[in-house]
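Chemist: Please work out how this folds:
(chains A and B)
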Number of protein chains: 2
Amino acid sequence: MKYLSNDMSTLKKTSRDWALNTVAVISLLTAMPMLTHAEESSAIQVNDVTQWVDPFIGTGGDGHTFPGAVVPFGMVQLSPDTAAVSRGSDPQSEIYKHSAGYHYDDKTITGFSHTHFSGTGHSDLGDLLIMPMTGKAHVEAGSETDPDSGYRSRFNHNAEKASPGYYSVELSDYKIKAELTTTARTGMHRYTFKENEQAHVLLDLTASIYNFKNKVIWSDVRVIDNQTLLAYRSTNGWAKQRDMYFAIKFSRPFDSIELINQDNSRYRCNGCLTKKGSKPSTIVNSAIQYTAGKAIKVLTHFKDANTEPLMVKVGLSAVSRKNALENLITENPGWDFDDVKLQAKKQWQEQLSVVQAKGKKSEKRQLYTALYHALQAPSIYQDVNGQYRGVDGEIHQADGFENYTLFSLWDTYRALHPLLTYIAPDKVPNMINSMLAHYQQSYDNMLPIWSFQAHETWTMIGYHAVSVIADAYLKGIRDFDSELALKAMTDTANNPKYDAIPEYIKRGYVPMDKLSESVSITLEYAYNDYTIARMAEAMGKKYIAKTFYQRAQSYKNLFDPSVGFMRGKNSEGVWNPDFDAEDAKLMGPFTEGNSFQYTFYVPHDVNTLIDLIGGDKAFEERLDLLFNKELSHEKIKEHEDIAGLIGQYAHGNEPSHHIAYLYNYAGKPWRTQERIRQIMDTLSSDQPDGLAGNDDVGQMSAWYVFSAMGFYPVAPGDLSYAIGAPQLPEISLNLANGKTFTVKANKLSKKNKFIKSARLNGKPLNRSFITHDDIINGGTLTFVMSNIPNKHWGIETKNRPTSMSTH
Amino acid sequence: MKYLSNDMSTLKKTSRDWALNTVAVISLLTAMPMLTHAEESSAIQVNDVTQWVDPFIGTGGDGHTFPGAVVPFGMVQLSPDTAAVSRGSDPQSEIYKHSAGYHYDDKTITGFSHTHFSGTGHSDLGDLLIMPMTGKAHVEAGSETDPDSGYRSRFNHNAEKASPGYYSVELSDYKIKAELTTTARTGMHRYTFKENEQAHVLLDLTASIYNFKNKVIWSDVRVIDNQTLLAYRSTNGWAKQRDMYFAIKFSRPFDSIELINQDNSRYRCNGCLTKKGSKPSTIVNSAIQYTAGKAIKVLTHFKDANTEPLMVKVGLSAVSRKNALENLITENPGWDFDDVKLQAKKQWQEQLSVVQAKGKKSEKRQLYTALYHALQAPSIYQDVNGQYRGVDGEIHQADGFENYTLFSLWDTYRALHPLLTYIAPDKVPNMINSMLAHYQQSYDNMLPIWSFQAHETWTMIGYHAVSVIADAYLKGIRDFDSELALKAMTDTANNPKYDAIPEYIKRGYVPMDKLSESVSITLEYAYNDYTIARMAEAMGKKYIAKTFYQRAQSYKNLFDPSVGFMRGKNSEGVWNPDFDAEDAKLMGPFTEGNSFQYTFYVPHDVNTLIDLIGGDKAFEERLDLLFNKELSHEKIKEHEDIAGLIGQYAHGNEPSHHIAYLYNYAGKPWRTQERIRQIMDTLSSDQPDGLAGNDDVGQMSAWYVFSAMGFYPVAPGDLSYAIGAPQLPEISLNLANGKTFTVKANKLSKKNKFIKSARLNGKPLNRSFITHDDIINGGTLTFVMSNIPNKHWGIETKNRPTSMSTH
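Modeler: Residues are numbered from 1 along each chain as shown, chains lettered A, B, ... in the order given. Here you go, the predicted model:
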């Protein structure tokens, strides 16, 4: 089978055929041949890097990743849920823990649903839960303490496997082996029954992640024939009124089907024999089979379960039922589960092979799993015919790009998007063009803030899309309209209705009496403005550059020299009288953090920040204080996200991610090297609980990939990387321009965590940073590691990245 | 202003301009000029037939018509509601009475909403209620007993006016004169404030007709600028998940606006100053102004209300917000209320002028109001760019026709659709093509049963779309694909999942143990099959014709000679042991009726029915028994629809509509003449309660129009009309072929209700029926009336319509 999702020429032809009416579509589906595909013998070559991916990493603790099947940037994430059950039955306290539907601690599986976030702190999705059963046909999930009370099944991690594009588990209550694989827009299930009982497959349209009362605002299901269903649901979760359509096909006809409407709203059944117009909760085979409401479940029944494995495949679309069908038929026309699985694996092999590494198994497991998590989102959000739903709620046709969604920008601008410019540069223009389409479709004239699936959630602060665009533009990725992009960036930064921007422009800071989180917002605006200035400057737009370089200085207005910290200020210019550097209270001046952490948030002008704090020594002491001063639970009790602590340093949350690299700027790069190893050793592992906090759609993983290579983008958009300390003996990046950039760490060991010396392409490198050009031009960066810090390497002040000071 | 809705060439040009993104759309709207149009001096000519229309007829009693503004076949019906208030506050017992939102008995108005059914027994719609106020700004409707407790206002019929395309009322609590007018897809309000107070305009997205708990499943509103809003709501009423989008524009800027979210579901406000992420119930001006949920209201405030009238106009679309805007801009670009009103009136004048009548004022009021009610539906259901939502839920582009909706076919196949072939023949192909599109888009492979706004409600029985298509085809209206149409008709009639069709085909009747309403269903199927046979025969499809002529005999299988009535029979062939000819119980063998009424339901083969019942005399006696035998309330207490009684004859409901004409077939045409006058005198008037029951989307009105002209289509599709008795001295039909058909009733008076003699184009006419050809060829049918029945006129057996006997 040819993987079609990115082959637009093929798709165009297909979409022409689809200018047919629905009846024709249904006929087409019914006539769908049982294609078989020759197993491709070459398969995965010797250097199978997918073997190092362990999708379970991050499924324990607060990593919030999912173990199920997905292809790179795929629209469908088909994965087991251990808590995404029918409405009302979730304990609310468990919602954060189950952001990805599955948690490694859990003992039962409720089913397999088709959409999942990877690593988010807030949650949603979990669309179309499917669960196979034998014996009694349950329609309620039942409780974790009494799994026999419902359809959920016990399972054991020993009988569970996951690899890129594939997941399998033994549902021990039913003696069913369940396997999952995907294409970009479809999910495929294979259920192998061990005993020859009657089997049942439940589709629970009420199940969801972040499921609270009345999350499902509407749903319906329609029987097309005895192998085919169409379904729909709209949910009010994190995204309001998020629509998802499903085309569902079984590999063999069901013997009977029940449409179960548990809704209290009125219901009319047509052709339900004996009583016309009555309101049954279950519709039987002989009637026109359609039902709609807020609580719908479907039970299909199959005799002689174990004659052959039963497969179910599901096409998804955010546009329409017709498109869901088209996605299914186009991408996943046959029933060769193993081939679909193989194609998914090949996509991962190709995508992951961009990075080649040497190291211990556990190191490669961490590295490739981090890459795997970094290559999932932003993800495809358009149908094979190019249609997608825009943030305006309208259906649009993607023109010249592939539409992507899931912009967790407050997290991912930091390291994920900069990393993608190297490991998936062909996808970056799609992401930027998708953000520009969002801007054009936005009634608020804004680039995305934290958006997914046609919805702007307005979650978190700043307008970090500008950083992502500027970083890519300045790196020479320009397959987008840069004039439009700059307009979008300045329109966003000048929006009079967004988060006190007029106050920020007028006063140079956001007054704390006007808006909560005012210090964090001011600091992040200032950095964002720096990236706008950088791009404007590169485009020759001097006035815009000047304006935004000026705005980028705004951080200075909230540094209070009397306390030596960033501090809230009101509109009268009076400092926050209740200042406490450790205070992280909700609705206070900081966002998921305190002044200890946020005072370091001047990534674009660290040198000036050092001056403000009192010079290199004071700055180093402040960094040490951050890492050494214990943060009391009392201060952060309102935050689930502030996790992975070393003192006040919270590796589990983004505001800290650049901080360990700041010792470099105070002329103490060995202190950075030490801290990176400390973080790696204490807050990262190749186990399910190996992530110190939410992976946040790949940001934590991108931090890991950069840091393992030995450098990190402290201020994306300035094109420099602070050198930390390499953690694997050798990592190579196979760049899109055909060149390779290799980092070698000679003599690296548990003890040898310090850089003794470095050479770039054979020449001594004495600076503690490298540039984008150093990477993109290819070559080899060789470190010699030692157990003794080299306090003379990389310390020259003149070599510090000093982006702001040049303007 | 040129009225554009039917000018597709103009629209095509416009829609090209609309290949713009939303931002451009908004710019376009903002830049919308304040067009003024030269008042067209010609206006309405001397013979202003719109003067005879009284939209209040039918708004009392159980007529269920609405008094508000609409253009012929318009998508928007902007009308006052007296009971369509916020969710949960309607007394459920009043729902039937308020099917059209307004009832003449009521003393208060809750506001003006934009969509209304005319005359239905079931209800829905009432989209986007708008209410102007002065003084306290209410957000709840308040109670009818204490109007001051909410936004509703007292009103008086003396200060209320309605004419085609226009409605006005004095809202006495607020001293506001409210005026309404419409284009096809937009509504326009003009509020004139008598006192210079602050004014408020409330938009209540929770208000609805047939409003029960949780009818609104989702809604949102967005402020575009200080004159423009976009809104959306989806409701679960009679139609499930019916989507409607609104573009709202005020004639001058509001001073402030409040978006009020009364929903309990979570809500995030962006830019709501002081507290980021907090959940206010009201969003103030300074934030990004958008809210979504299940209970949303909007309050706008205007200073100095009486400086000039405040206007509000609303574009509607079932497709998207963008299309709602486009509809508004295209059809109603300016602010000249009087011109929009004039254009609406001109459309009515043109459409109503097809009929010219002489008679008393009260007679002309009844006749033209009946025509007015007959010219409203099926109604336009597509946007100016040709897009519409299909029954499959998908967005379609109308190709070669204009899409219509609202097919109340169980009612309207009888007289409304046959009438439309004369008074609006240009619309008939649109209606048929819309039904064929429905068939093609239907997942159930069915023509519409009772459908509206992209939903099949499966209400009532039979498949009467086949009658409408066959009648039009046989009359030579053929601007549709007749092969496709015949396929749609036979597919519908053979659908294995619809209402026991396999049983009907197998046994020749629907067994009462298989499905309720089995006798009514069998009888109506038999008639429907007759019309399929007629069309197939005309198309030369002999096998189909033969098959369906055979099926058309099925009525015989349920006539029990032992009781002389149609009677339920079970699948063993055993007659219903509990037979009672008067029994009309729900879920019994009859549909909103009893065996007394339904035994007469063999419209296509009355002669054979007469034989079954025992000949002309027995048949006449049975008819007399029907009209004379009182129907006890106990028998029909479950039915609101069985109304307008003369004995067992229920003029208020459709199964009786043809029965008074059946005396003709027994050789007693004077008895028909007498009964028609009896019905006219006792069950029809020009007063608000002048309809004896639901107008049923024009069916009752079409009965009136035909009967007033003196003839009626007993079996649409057989191209004959039974002559009753003319009720006006002269009525002319101006036919589309340029010819005129005139019926004159010389010497007609209160006493002279009998036909003494008749001439067609000067030649004596002695038959008690005329044919379609008699009408369409134009000419004059002249009756001479008398107070004495002429028992020799029109009685020859050979002249009876005998459609079935010829096959």
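
Chemist: The one helix or strand A:W410 maps to close to chain B?
Modeler: Using DSSP states H and E, A:W410 maps to helix A:409-412. No - using C-beta under 8 Å from any C-beta of the partner chain, helix A:409-412 stays clear of chain B, with a minimum separation of 12.9 Å. Using the backbone N, CA and C atoms, a C-beta is placed for each residue, glycine as well.

Chemist: Let me know the pLDDT of the residue nearest to A:H98 when sequence neighbours are not counted.
Modeler: Nearest residue to A:H98 in three dimensions, chain neighbours excluded: A:A83, at 4.0 Å (C-beta to C-beta, 6 or more residues apart in numbering or on different chains). Listed pLDDT for A:A83 reads 81.

Chemist: A:T307 now?
Modeler: 84.

Chemist: what does the one 10 residues further on give?
Modeler: Model confidence at A:S317, expressed as pLDDT, equals 98.

Chemist: so it makes contact with A:T330?
Modeler: No - contact between A:S317 and A:T330 fails when scored by C-beta atoms under 8 Å: they sit 11.3 Å apart.

Chemist: do you know how far the closest residue to chain B within the stretch 101-250 of chain A is from B:F596?
Modeler: Residue nearest to chain B within the stretch 101-250 of chain A (C-beta to the nearest C-beta): A:K240, separated by 4.5 Å. Going from A:K240 to B:F596 by C-beta to C-beta, to the nearest Å gives 55 Å.

Chemist: who has more neighbours, those two?
Modeler: B:F596 (27 against 22; other C-beta atoms under 10 Å in any protein chain shown).

Chemist: Chain A versus that one, what's the distance?
Modeler: In this view, B:F596 and chain A are 21 Å apart by C-beta to the nearest C-beta, to the nearest Å.

Chemist: these two touch, right, that residue and B:I642?
Modeler: No - contact between B:F596 and B:I642 fails when scored by C-beta under 8 Å: they sit 11.4 Å apart.

Chemist: what sits in contact with each of the two?
Modeler: Common neighbours of B:F596 and B:I642 (criterion: C-beta atoms under 8 Å, 6 or more residues apart in numbering or on different chains): B:L631.

Chemist: quick one on the thing from earlier: ramachandran coordinates for the residue of the stretch 101-250 of chain A closest to chain B?
Modeler: phi -90, psi 140 (degrees, to the nearest 10).

Chemist: Tell me the pLDDT of A:D641.
Modeler: Note on A:D641: pLDDT of 76.

Chemist: ok, the residue of the stretch 101-250 of chain A closest to chain B - contacts?
Modeler: A:H455, B:W218, B:D220, B:A292, B:G293.

Chemist: pLDDT at it, what is it?
Modeler: pLDDT, A:K240: 86.

Chemist: Same question for A:E195.
Modeler: Looking at A:E195, the pLDDT reads 81.

Chemist: just A:K635 next, same as before
Modeler: Confidence score, pLDDT, at A:K635: 80.

Chemist: and the residue nearest to it when sequence neighbours are not counted, how far is that from chain B?
Modeler: Setting aside the residues directly before and after it, A:K635 is nearest to A:E582 in space (C-beta to C-beta, 6+ apart), at 5.0 Å. A:E582 sits 21 Å away from chain B, going by C-beta to the nearest C-beta.

Chemist: A:F596 is in contact with A:E582, correct?
Modeler: Yes - using C-beta under 8 Å, A:E582 is in contact with A:F596, at 6.1 Å.

Chemist: anything in contact with each of those two?
Modeler: A:L631, A:Q648.

Chemist: Leaving out sequence neighbours, find the closest residue to the residue in the stretch 551-700 of chain A that chain B sits nearest to.
Modeler: For the stretch 551-700 of chain A and chain B, the shortest gap (C-beta to the nearest C-beta) falls at A:M587, measuring 5.9 Å. With C-beta to C-beta, 6+ apart as the criterion, A:M587 has its nearest non-adjacent residue at 4.3 Å, and that residue is A:S516.

Chemist: for chain B, what are the nearby residues on the stretch 551-700 of chain A?
Modeler: Going by C-beta under 8 Å from any C-beta, the residues of the stretch 551-700 of chain A near chain B are A:M587.

Chemist: How is A:A357 assigned, secondary-structure-wise?
Modeler: strand (DSSP: H, G, I helix; E, B strand; the rest coil).

Chemist: For the helix or strand that the helix holding A:W410 is followed by, give me every contacting residue.
Modeler: Counting by DSSP H and E, the next helix or strand C-terminal to helix A:409-412 is helix A:416-423. If you take C-beta under 8 Å, 6+ apart as the criterion, helix A:416-423 is touched by A:351, A:354-355, A:371, A:374-375, A:427-428, A:431, A:467-468, A:471-472, A:475, A:477, A:697-699, A:701-702, A:705-706, A:713, A:716, A:733, A:735, A:775.

Chemist: among those, which are in helices?
Modeler: A:351, A:371, A:374, A:428, A:431, A:467-468, A:471-472, A:699, A:701-702, A:705-706, A:775 (DSSP state H).

Chemist: And the furthest pair within those?
Modeler: Across the ones in helices among the contacts of helix A:416-423, the longest distance by C-beta to C-beta is 24.1 Å; it joins A:Q351 and A:S467.

Chemist: rewinding a little: was I right about the residue of the stretch 551-700 of chain A closest to chain B contacting A:L515?
Modeler: No - applying C-beta under 8 Å as the test, A:M587 and A:L515 come out as separate, 9.9 Å apart.

Chemist: So between those two, which is more surrounded?
Modeler: Higher neighbour count among A:M587 and A:L515: A:L515, with 23 against 13, using other C-beta under 10 Å.

Chemist: quick one: the helices in the stretch 501-650 of chain A?
Modeler: A:501-507, A:518-538, A:542-551, A:595-598, A:606-613, A:616-628, A:633-636 (DSSP state H, counting those that start in this stretch).

Chemist: Could you pull up the residues touching A:P425?
Modeler: Taking C-beta under 8 Å, 6+ apart as the test, what A:P425 contacts is A:I477, A:L735, A:A736.

Chemist: A:H455 too?
Modeler: For A:H455, counting by C-beta under 8 Å, 6+ apart, the contacting residues are A:W238, A:A239, A:K240, A:R242, A:V391.

Chemist: repeat that with 7 Å
Modeler: Counting by C-beta atoms under 7 Å, 6 or more residues apart in numbering or on different chains, A:H455 makes contact with A:A239, A:K240, A:R242, A:V391.

Chemist: does A:K364 really touch A:W52, like I thought?
Modeler: Yes - A:K364 is within contact range of A:W52, at 4.3 Å (criterion: C-beta atoms under 7 Å).

Chemist: Look at the two and report which has more neighbours.
Modeler: The neighbour comparison of A:K364 against A:W52 (other C-beta under 10 Å) goes to A:W52, with 23 against 19.
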